[in-house]
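# pasting the structure only:
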Ligand code: UT7
């Protein structure tokens, strides 16, 4: 028998305020038609004034704990993936720790932008497999609205705010792909593409927060190649075929990236969980938001095999294969 990290609950939170493409078209030179055709996005949620990444994270974490039927004091580890923390330090995860009443264990943030949730899941899985942690809360939470240049039509129309969380608990398995839990994770980064997607500020460079800058067309090209490769890696590591996967829960950046990856790998689109239309790109929050939606509406069922995949600034990219 081997240790397996099992997902025992998930939860998400979206800020109340909805911003449509039409609303953005009144501010910058764009149109609903262009945004829908090029990205698939129709609307995004934007945090209210004073509503911070920690507020979104705490709401999602609370719902995930409720779904798991455990209290915050049972959590040993919190990993919060975010590129938009409340403060430069301390980690926003420690605010979640305080809010859920967790007094032991440890909490920290990780930064891998849109791949952050897959990175955080992989780190938590390794803590559980090593026996150091029994129960972990893995969160993706972002307020990208705070780092967008709202005068730049090439980036401001693509992102939204939100949070999602899962509770992982140590279980046992036989070491086969029939086991419940995380079967494998696969992480990559390539620092040579730093300048294609970055924020032009930070404490050590400009002493400002900065704004997101992106060469969209180039990022798109790399995304389809890297995502197809890292999904292929997850399948071959577990000796599985595309047809063995019940659902792919992709990072939600662009409908056309998801379609391109599905086509390259031979996944039918009706097995791809899609939320980009309604959430836009919520960076590290997009996968747990989509996962919570598909679990909540009954599409993803216990025992099914799901594949998570993401790509973001750095570049970073990764995948995780999980039996629910
Ligand atoms: O989360 C991971 C990181 N992000 C991504 O994965 C995003 C990756 N990239 C993309 O999703 C797409 O590249 C975009 C949606 C950003 C852009 O789509 P595209 O089909 O690659 O368009 P493009 O950048 O090639 O731009 C086409 C045209 C340009 O005009 P010209 O040069 O052809 O005259 C742009 O100036 O569309 C123009 N354009 C716009 N027009 C109306 C760019 N943004 C807008 C806009 N509204 N918002």
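Arrived safely. Not measured: the values here are computed from a predicted model.
# The ligand contacts on the protein?
When proximity is defined as Cβ under 6 Å from any ligand atom, the chain approaches the ligand at 30, 34, 38-39, 114, 153-154, 157-158, 197, 216-217, 219-220, 223, 253-254, 257, 281, 311-312. From N, CA and C alone the C-beta is placed, and that goes for glycine too.
# Just the buried ones among these, please.
30, 38-39, 114, 153, 157-158, 197, 216, 219-220, 223, 253-254, 257, 281, 311-312 (16 or more other Cβ atoms under 10 Å).
# looking only at pLDDT, what's the mean for the one helix or strand residue 222 maps to?
Assigned by DSSP states H and E, residue 222 falls within helix 216-237. Across helix 216-237, pLDDT averages out at 97.
# Return the set of buried residues in it.
In helix 216-237, counting by 16+ other Cβ under 10 Å, buried: 216, 219-220, 222-224, 226-228, 230-231, 233-235.
# which residues sit in contact with residue 159?
The contact partners of residue 159, by Cβ atoms under 8 Å, 6 or more residues apart in numbering, come to 44, 144-145, 148, 212, 280-283.
# please redo it, this time with the cut-off set to 6 Å
144, 280-281 (Cβ atoms under 6 Å, 6 or more residues apart in numbering).
# now residue 267
Counting by Cβ under 6 Å, 6+ apart, residue 267 has contacts 242, 248.
# what's the answer for residue 43, then?
18, 20, 278.
# mind checking the backbone torsions on it?
Phi and psi for residue 43, reported as degrees, to the nearest 10, are phi -160, psi 170.
# tally of neighbours for residue 262?
By other Cβ atoms under 10 Å, the residues close to residue 262 number 21.
# just checking, next helix/strand downstream of the helix or strand hosting it?
Per DSSP H and E, residue 262 falls inside helix 255-265. Using DSSP H and E, the next helix or strand after helix 255-265 towards the C-terminus is helix 276-279.
# secondary structure element for residue 11?
In this structure, residue 11 is located in strand 2-13 according to DSSP H and E.
# Look up the pLDDT of the closest residue in space to residue 20 that isn't next to it in sequence for me, please.
Using Cβ to Cβ, 6 or more residues apart in numbering and skipping residues adjacent in sequence, the residue nearest residue 20 is residue 43, 5.0 Å away. At residue 43, the model reports a pLDDT of 98.
# Tell me where the stretch 1-150 of the chain has helices.
Along the stretch 1-150 of the chain, counting by DSSP state H, counting those that start in this stretch, helices occupy 21-25, 32-39, 53-68, 92-99, 116-129.
# tell me what the last one is packed against?
Yep, that's helix 116-129 we're talking about. Helices and strands touching helix 116-129, by 3 or more Cβ pairs under 6 Å, 6 or more residues apart in numbering; DSSP states H and E, are strand 2-13, strand 77-81, strand 135-143, strand 181-189, strand 316-323.
# Ok, the second one next?
For helix 32-39, the helices and strands in contact under the criterion 3+ Cβ pairs under 6 Å, 6+ apart are helix 21-25.
# what's next to the helix it packs on, contact-wise?
Helix 21-25 is contacted by residues 31-32, 35, 157 when judged by Cβ under 6 Å, 6+ apart.
# Let me know the closest of the buried residues of helix 216-237 to the ligand.
residue 216 (2.7 Å; Cβ to the nearest ligand atom).
# nearest spatial neighbour of the closest one, skipping sequence neighbours?
residue 154 (6.0 Å).
# What does the one you found show for phi and psi?
Dihedral angles (degrees, to the nearest 10) for residue 154: phi -80, psi -20.
# Appreciated, that's everything.
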